[in-house]
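This is a predicted model, with the sequence first.
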Amino acid sequence: MKRIIHQLHLWLGLTSSLILFLICLSGTILTFQHEIEELIHPETYHLAPQTSRRPLQVDDLIHQLEIHSKGKVSSFTIPSVKDRPYQFIVKTKPTDRRGRTHYINPYNAEILNNPDSRSEWFFLFFRMHRWLLLDPEIGRPIVGVATIIFTFLLLSGLYLWWPKNPVHLKNSLRIRFKGNWKRINYDLHNSMGFYSLGVLLVMSLTGLFWSFEWYRNLGSAVLQTKVFDHGSKPLEVPSSGTKLPISDVLNKLPPEGKTTVVLPQNEGSALTVFKYTEGMFIISSSDKFELDPYSGKVLKHQKFSDKPLGQKIASLIKPLHTGEFMGIISKSIYFITCLIGTSLPISGFFIWFNKKNSS
């Protein structure tokens, strides 16, 4: 059995090594995308300190932005950190799926970015990570199959690495830097593969949700909730006169935390608000509120802490894949782990190459 698994590990690893290298490399680069973009374009993401001025009313910002963009604001985000811009999503036509992102100075309604431009450099790596720079219909399943192979390689690697005698476990965890480069490469492949195993498995198992519908449906059945549920239909509310200003409605909620507001798509729908909990050593999560836009009354409050375990996991699939679930701490761990994942196809190739040349 061990010989069969070894041969599968070897040849599946060799045949998929280039694809896995590109997926892991692009994932490593994307880990700190937002932080790098903030360093490159600080004028977009950081405002001058404001001591006495108060932000403009959200309704006024929406009104001015819709006139300027000739579109309709579908949602907006108010950051938890002061002196940061508000983020508005504007759709210019009903068929827009994502819309265009506008960063707005809330003190003077100035648009701080070009919503029609994007970082071609990061978009290149995004396309590489998701589709290998191919058409999505072709690249998505290839990445999915490669991810399944990677999952097998991780588990089979653990099986092959595990020492028969527990006494030898300590030696198996060491990297002998005093040996020749072949020995160092062998130890790096085995030991670093073991140390990174848990996080790489989480990345792989969550990444498959973007590749295959059958996997998404299976995950939904296991978790007993729909994965990537982008929002159920909001509650219906009877029209009762004039809607309150959105700022007045938001004032009825706790002020702490980042706030994302999804605007009603029709007159009879509730206002949907997500309040996020963020911070070091705190799992990033959100509470969902549905409010009557006419009275400001909270019609429904769904706390993250009250959700069943399956719903909690489903809502964390994306941050678990990207490493954003605990802010800079988890992203740093993911960055290091992605580097290790990128090195595994290379070190594995050289193990095979060295054995082939020595035989």
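Structure's in. What do you need?

which residues of the stretch 1-150 of the chain fall in helices?
Secondary structure of the stretch 1-150 of the chain (DSSP state H, counting those that start in this stretch): helices at 2-31, 33-40, 42-45, 58-69, 120-131, 136-161.

again with the stretch 251-359 of the chain
Listed in chain order, the helices of the stretch 251-359 of the chain (DSSP H, counting those that start in this stretch) span 309-315, 317-322, 327-358.

The helix or strand of the chain with the lowest mean pLDDT - contacts with which helices or strands?
Least confident helix or strand, the chain: helix 169-172 with a mean of 77, by mean pLDDT, DSSP states H and E. Using 3 or more CB pairs under 8 Å, 6 or more residues apart in numbering; DSSP states H and E as the contact test, no helix or strand touches helix 169-172. For every residue, glycine as well, the C-beta is placed using N, CA and C.

Report the contact partners of Q64.
A109 (CB atoms under 8 Å, 6 or more residues apart in numbering).

er, K93 I mean
K93 makes contact with G71 under the criterion CB under 8 Å, 6+ apart.

re the thing from before, and the least confident helix or strand of the chain, how far out from the chain middle?
35 Å (CA atoms, centre = their mean, to the nearest Å).

so which of the helices of the stretch 251-359 of the chain comes closest to S17?
Nearest of these to S17, taken as CB to CB: helix 327-358 at 3.8 Å.

now that closest one: mean pLDDT?
In this model, helix 327-358 has an average pLDDT of 93.

care to break this structure down by domain?
2-35+125-225+325-358, 42-112 (automatic domain parsing).

so which of the ones you listed gets nearest K233?
Closest to K233 of the domains of the chain is domain 42-112 (CB to CB; 15.0 Å).

end-to-end on the closest one?
Terminal residues of domain 42-112 lie 10 Å apart, using CA to CA, to the nearest Å.

Same list (the domains of the chain) but as TSV, adding distance to K312.
Formatted as TSV, the domains of the chain follow (distance: least, CB to CB, whole Å):
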stretch	distance to K312
domain 2-35+125-225+325-358	9
domain 42-112	21
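
which stretch in those domains has the least confidence?
Mean pLDDT is lowest for domain 42-112 among these, at a mean of 90.

so how far is that one off the chain centroid?
22 Å.

So for V298, which of the helices of the stretch 1-150 of the chain sits nearest?
Closest among the helices of the stretch 1-150 of the chain, using CB to CB: helix 58-69, at 18.1 Å.

Show me which positions of the closest one end up buried.
If you call a residue buried by 16 or more other CB atoms under 10 Å, then helix 58-69 has these buried ones: 58, 61-62, 65, 69.

So S240: helix, strand or coil?
The three-state label given to S240 by DSSP: H, G, I helix; E, B strand; the rest coil is coil.

That one against Y294, yeah?
Yes. Contact criterion CB atoms under 8 Å: S240 and Y294 qualify, at 4.5 Å.

for the helices of the stretch 1-150 of the chain, which one sits closest to P79?
Ranking the helices of the stretch 1-150 of the chain by their distance to P79 (criterion: CB to CB) puts helix 42-45 first, at 9.6 Å.

So what touches the closest one?
Counting by CB under 8 Å, 6+ apart, 37-38, 84-85, 103, 112-113 sit against helix 42-45.

would you turn the helices of the stretch 1-150 of the chain into CSV with distance to S285?
CSV is the format used below for the helices of the stretch 1-150 of the chain (distance: least, CB to CB, whole Å):
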stretch, distance to S285
helix 2-31, 20
helix 33-40, 19
helix 42-45, 23
helix 58-69, 24
helix 120-131, 25
helix 136-161, 26
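
To G268, which of the ones you listed lies closest?
helix 58-69 (19.5 Å).

one step back: can you pick out the residue with more neighbours from S240 and Y294?
Y294 (18 against 10; other CB atoms under 10 Å).

roughly how far apart are I36 and H129?
Separation of I36 from H129 (CB to CB, to the nearest Å) stands at 15 Å.

Who has more neighbours out of those two?
H129 (22 against 15).

tell me the contacts of the more buried one?
Contacts of H129 (CB under 8 Å, 6+ apart): 23, 26-27, 30, 143.

how about a cut-off of 6 Å?
H129 sits next to 23, 26-27 when contact means CB atoms under 6 Å, 6 or more residues apart in numbering.

ok now do the closest residue to P55 other than its chain neighbours, which residues does it touch?
Closest residue in space to P55, ignoring its immediate chain neighbours: P106 at 3.8 Å, by CB to CB, 6 or more residues apart in numbering. Going by CB under 6 Å, 6+ apart, P106 touches 55-56, 86.

Tell me the most packed of the contacts of helix 42-45, by neighbour count.
P85 (23 neighbours).

Return the distance of it relative to V262.
To V262, P85 is 19 Å away according to CB to CB.

And E278, by the same measure?
Going from E278 to V262 by CB to CB gives 19 Å.

circling back: can you tell which of the helices of the stretch 1-150 of the chain is closest to S284?
helix 33-40 (13.3 Å).

so the closest one versus helix 2-31, what angle?
If you take axes from the mean of the first three to the mean of the last three CA atoms, to 10 degrees, helix 33-40 sits at 30 degrees to helix 2-31.
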